[in-house]
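**Student:** Sequence and computational prediction follow.
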Amino acid sequence: MKKIRFGLIGSGWRAEFYIRIAKAVPEKFELTEVLIRDKEKGETFSKKFNVKVVNSLDELMKSNPDYIVLSIKRGTVTDYLIDLFKKGIPVLCETPPGETIESLEDLWEQAKKYNAKIQIAEQYFLQPLYASWLKVIQDGKLGEIGNINISSLHGYHGVSIIRKFMNVGFDNCVIYGKRFSFDITETFGREGMVFDGETFSCTRDRLTLEFDNGKVAFFDFSDPAQYHSFIRTRQLTVQGVRGEIDDLTIRYLTQENIPVTQELNRIDLGKYSNQEWSHFAIMLGEEFLYKNPFANARLNDDEIAVGTCMLLMGKYLSTGNEFYSLDDALQDMYISLMMDEALKNPNKGVRTSTRPWAETK
């Protein structure tokens, strides 16, 4: 596959991921230019990251990128996307693509109208661990999945894993939820680990999603502790007819119905005097469930996943094979919005309905 040349719109924390990835894997990616409309801000950004910065979309497109990465503030994503649709520019969009049901439906209509070439950079299912869990499910080791308990990702990110792991497609569901609040000791800040022992109040959302096909998702997330705490961690349980995922433990039955219990084994280079430093693979017994597509590149798991989105976007443009479609992203965000509605009405059922992007599914 030829080197992917991409342009970048945005200058925030998430946009910086794409710059780091391009510099870490120059044989696969080339960042042409970054669009920052504020000239002074753009000059500062250019010096800080040693990248070319332009101030208009027309200037950005003169460098002939294969596609544009859109990574801007949430409130302006929908309008910017529609402008790119009208210009016929392929786009890899950071999540979410909209913030209200109305904006999601408008975006869908505009995407159809202009036959937009778009994929969404929903990266979590491409992280090494999530990709390994998904491989276990897709290989059929657990049989038909009946329920999932996920306590690791917020909102639409969590929904994306629920829908993909349980294969519920665009089924409707009834959602029950309640928000709690608990004190927790701070352990991590912008400068790294924190040791002053200060506490703060942290919300914890507990929701149940009962899908029409009988499958059930139990959602549990503590914001912001689970992303940034050394004393709160993630938990994942996926149960099927013939086995379960229990974090790093996989239990399943062989064809002869013999129960097997195995642990996921993560292989990282650079430990115990090894002079490398990178993630290599995840194994289950003697089987590779996942191999890093960026061998020897110094990328963390999230950067690996975002980089994989970038690779898959290139393949999408050459083959038409989608990896995270707009309708999937719209469905994830829609369910997330309905989860918010359920939290506003504790323990009362909130039912989803079929939206325009799901009418033919």
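**Tutor:** Ah, there it is. Residues are numbered from 1 along each chain as shown.
**Student:** buried set for stretch 191-210?
**Tutor:** Applying a neighbour-count criterion of 16 or more other CB atoms under 10 Å, one finds 202, 204, 205, 206, 207, 208, 209, 210 buried in stretch 191-210. Any C-beta I mention is one placed from the backbone N, CA and C, and that applies to glycine too.
**Student:** Now the element after whichever strand or helix holds the first one, going C-ward?
**Tutor:** Element membership of residue 202, judged by DSSP states H and E, is strand 199-211. Under the assignment DSSP H and E, the closest C-terminal helix or strand after strand 199-211 is strand 216-223.
**Student:** mind listing what that next one pairs with, with the direction of each?
**Tutor:** For strand 216-223, the paired strands and their directions (DSSP bridges) read strand 145-151 (parallel), strand 199-211 (antiparallel).
**Student:** gap between the shortest one and the chain center?
**Tutor:** Remark: strand 145-151 is offset 18 Å from the chain centroid, using CA atoms, centre = their mean, to the nearest Å.
**Student:** do the longest one as well
**Tutor:** Between the mean C-alpha location of strand 199-211 and the chain-wide mean there is a distance of 19 Å, by CA atoms, centre = their mean.
**Student:** Residue 35 touches residue 7, doesn't it?
**Tutor:** Yes: taking CB atoms under 8 Å as the contact criterion, residue 35 and residue 7 are neighbours in contact, 6.8 Å apart.
**Student:** Spell out which residues are contacts of both of those two.
**Tutor:** Common neighbours of residue 35 and residue 7 are listed as residue 60 (criterion: CB atoms under 8 Å, 6 or more residues apart in numbering).
**Student:** ok but residue 333 is inside a strand, no?
**Tutor:** No: secondary structure assignment (DSSP: H, G, I helix; E, B strand; the rest coil) places residue 333 in helix, not in a strand.
**Student:** Tell me, how many residues neighbour it?
**Tutor:** Residues lying near residue 333 (other CB atoms under 10 Å) number 26.
**Student:** what's the distance between residue 285 and residue 264?
**Tutor:** For residue 285, the distance to residue 264 under the criterion CB to CB, to the nearest Å works out to 10 Å.
**Student:** More neighbours: these two, which one.
**Tutor:** In terms of neighbours (other CB under 10 Å), residue 264 is the more surrounded of residue 285 and residue 264; the figures are 20 against 11.
**Student:** Please name the bridge partners of that one.
**Tutor:** When bridges are assigned using DSSP bridges, the partners listed for residue 264 are residue 284.
**Student:** Surely it touches residue 283?
**Tutor:** Yes: under the contact definition of CB under 8 Å, residue 264 touches residue 283, with a separation of 7.4 Å.
**Student:** got any residues that touch both of the two?
**Tutor:** Applying CB under 8 Å, 6+ apart, one finds that residue 264 and residue 283 are jointly contacted by residue 289.
**Student:** so who does the nearest residue to residue 214 once chain neighbours are set aside touch?
**Tutor:** By the measure of CB to CB, 6 or more residues apart in numbering, the closest residue to residue 214 outside its immediate chain neighbours is residue 146, 7.6 Å from it. Contacts here follow CB under 8 Å, 6+ apart; on that basis residue 146 touches 214, 215, 216, 239, 240, 241.
**Student:** before we move on, the earlier item: nearest to residue 172 among the strands paired with strand 216-223 would be which one?
**Tutor:** Residue 172 lies closest to strand 199-211 among the strands paired with strand 216-223, at 7.3 Å (CB to CB).
**Student:** Alpha carbons only: can I get that closest one in PDB?
**Tutor:** C-alpha atoms of strand 199-211 as PDB (Å, rounded to 0.1, in the frame of the first residue of the first chain):
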ATOM      1  CA  THR A 199     -10.300  14.200  47.300                       C
ATOM      2  CA  PHE A 200     -13.000  15.200  44.800                       C
ATOM      3  CA  SER A 201     -16.600  14.200  44.000                       C
ATOM      4  CA  CYS A 202     -16.900  11.900  41.000                       C
ATOM      5  CA  THR A 203     -20.100  10.900  39.200                       C
ATOM      6  CA  ARG A 204     -20.800   7.200  38.400                       C
ATOM      7  CA  ASP A 205     -23.400   6.400  35.800                       C
ATOM      8  CA  ARG A 206     -25.100   3.000  35.900                       C
ATOM      9  CA  LEU A 207     -27.400   2.100  33.000                       C
ATOM     10  CA  THR A 208     -29.100  -1.000  31.600                       C
ATOM     11  CA  LEU A 209     -29.800  -1.300  27.900                       C
ATOM     12  CA  GLU A 210     -32.400  -4.000  27.000                       C
ATOM     13  CA  PHE A 211     -32.300  -4.600  23.300                       C
END
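**Student:** how far does the helix-or-strand element of the chain with minimal mean pLDDT sit from the chain's center?
**Tutor:** Across the helices and strands of the chain, mean pLDDT, DSSP states H and E gives its lowest value to strand 188-189, namely a mean of 84. Counting by CA atoms, centre = their mean, strand 188-189 is centred 23 Å from the centre of its parent chain.
**Student:** Equivalent analysis for stretch 313-320, please.
**Tutor:** 19 Å.
**Student:** How about stretch 244-259?
**Tutor:** Between the mean C-alpha location of stretch 244-259 and the chain-wide mean there is a distance of 27 Å, by CA atoms, centre = their mean.
**Student:** do stretch 81-90 as well
**Tutor:** 23 Å.
**Student:** gap between the two ends of it?
**Tutor:** Looking at stretch 81-90, the gap from its leading to its trailing residue is 10 Å under the measure CA to CA, to the nearest Å.
**Student:** got the buried residues for that stretch?
**Tutor:** Counting neighbours by 16+ other CB under 10 Å, one finds that the buried residues in stretch 81-90 are 81, 82, 84, 85, 89, 90.
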